[in-house]
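> model the structure of this input:
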Amino acid sequence: MKLLSFVCAGLATLATLVAAAADAGPTDAQIAAIVVTANQVDIDAGSLAKSKAQSKEVREFANRMVADHGGVNKSAGELVAKLHVTPEPNGSSASLKQGGEQNLAALTKLSGGAFDKAYVDHEVVYHQAVLDALDKTLIPGAHNAELKALLVKVRPAFVAHLEHAKRLQASLAGTASNDATPLHTVSIEGMRFEPPRLTIRRGDGVAWINKDLFAHTVTDAGAFDSGEIQANATWKLIARSAGEFPYSCSLHPTMKGVLVVL
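Numbering: from 1, shown residues only. Presented below is the predicted three-dimensional model:
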């Protein structure tokens, strides 16, 4: 219930930014403040997740958020300096800052799978709200051509972040509420399974995450077959039987791995 309340609170806070579309359009100085604050909020959350997240995939996502949003803020800072514009704090930027602080306070109290799920759930909500604000308020409301161009330029990155967060959300579904069942991950990347050999216990779960740009399979002829795992998709298996299971990609037979179940 606390986790649900936290996510709902995040929705309400982030809705403030979208609601600005119904008011008088913000000035360029106010837009600059909103952009810088929105990015900093996600940098702060990502910095926390880099150290607290249990899942390697969540930590990688957090690293990307820190790097990408840091890059946007650097570009925004250089532009406002060039234009001699001082970002002007306003109601939307203040609400974003407050919401970010509340998010960090809630996340700090969580750990393990519960932390991962709460962080990723918030990232989905947050990026959707920022995209709505870009489309309905910030891009249409920007008066300076260079500021508008910057917002248009960074929009695809926010779309990519949202899709990435949704994929993580799907892969984490159901795991944070049951930390008694360990979930191990195998990355499929560069035409390799990593780690190539994984040892787990009966009852543990394994998620194969395809980070390549084309489909792969996880196939042991006598035990399991994932079917085609498309790019950016995940396939999960609960190990029910002990043994050593050599597997390969049926589409690319040189790709081999071993699952050992104790």
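
> next helix or strand past the helix or strand where His184 lies?
Using DSSP states H and E, His184 maps to strand 183-188. Once the chain leaves strand 183-188, the next helix or strand it forms, by DSSP H and E, is strand 193-194.

> state the mean pLDDT of that following strand.
Taken as a whole, strand 193-194 has an average pLDDT of 95.

> can you check stretch 213-225 too?
If you average the pLDDT values across stretch 213-225, you get 89.

> contacting residues around that stretch?
The contact list for stretch 213-225 (C-beta atoms under 8 Å, 6 or more residues apart in numbering) reads 186, 188, 193, 208, 210, 226-231, 235, 237, 241, 243, 245-252, 255, 257, 259. Just so you know, the C-beta spots here come from the backbone N, C-alpha and C atoms, and that holds for glycine as well.

> which helix or strand contains the most centrally placed residue in the chain?
The chain has Ala165 as the residue nearest its centroid, 3.2 Å off, counting by C-alpha atoms, centre = their mean. Under the criterion of DSSP H and E, Ala165 resides in helix 145-172.

> name the helices or strands packed onto that helix?
In this structure, helix 145-172 packs against helix 28-52, helix 56-83, helix 112-133, helix 139-141, strand 234-238, with contacts taken as 3 or more C-beta pairs under 8 Å, 6 or more residues apart in numbering; DSSP states H and E.

> per-residue pLDDT, His161?
In this model, His161 carries a pLDDT of 94.

> wait, it sits on Ala62?
No: the criterion here is C-beta atoms under 8 Å, and His161 misses it with Ala62 at 11.2 Å.

> of those two, who's got more company?
Summary of the neighbour comparison: His161 and Ala62, criterion other C-beta atoms under 10 Å, with Ala62 having more neighbours (26 against 22).

> check contacts around the more buried one.
Ala45, Gly46, Ser47, Leu48, Ala49, Lys50, Ala53, Tyr119.

> sorry, back to before: measure the residue nearest to the centre of the chain to Glu123 for me?
In this view, Ala165 and Glu123 are 4 Å apart by C-beta to C-beta, to the nearest Å.

> go on, Val85?
29 Å.

> which of the two has more residues huddled nearby?
Neighbour count, other C-beta under 10 Å: between Val85 and Glu123, Glu123 has more, with 27 against 17.

> and Ile200, what are its bridge partners?
Val261 (DSSP bridges).

> shift numbering so it begins at 375
Sure, I'll start numbering at 375, so the last one becomes Ile574.

> I'd assumed Pro556 was in contact with it.
Yes: with contact defined as C-beta under 8 Å, Ile574 reaches Pro556; the gap is 7.3 Å.

> now do Ala393, the pLDDT please.
50.

> what is the burial count for Lys522?
17.

> typed the wrong thing, it's Ala595
A count of neighbours around Ala595, defined by other C-beta under 10 Å, yields 10.

> ok, the one 4 residues further on next?
Around Asp599 sit 13 other residues, with neighbours defined as other C-beta under 10 Å.
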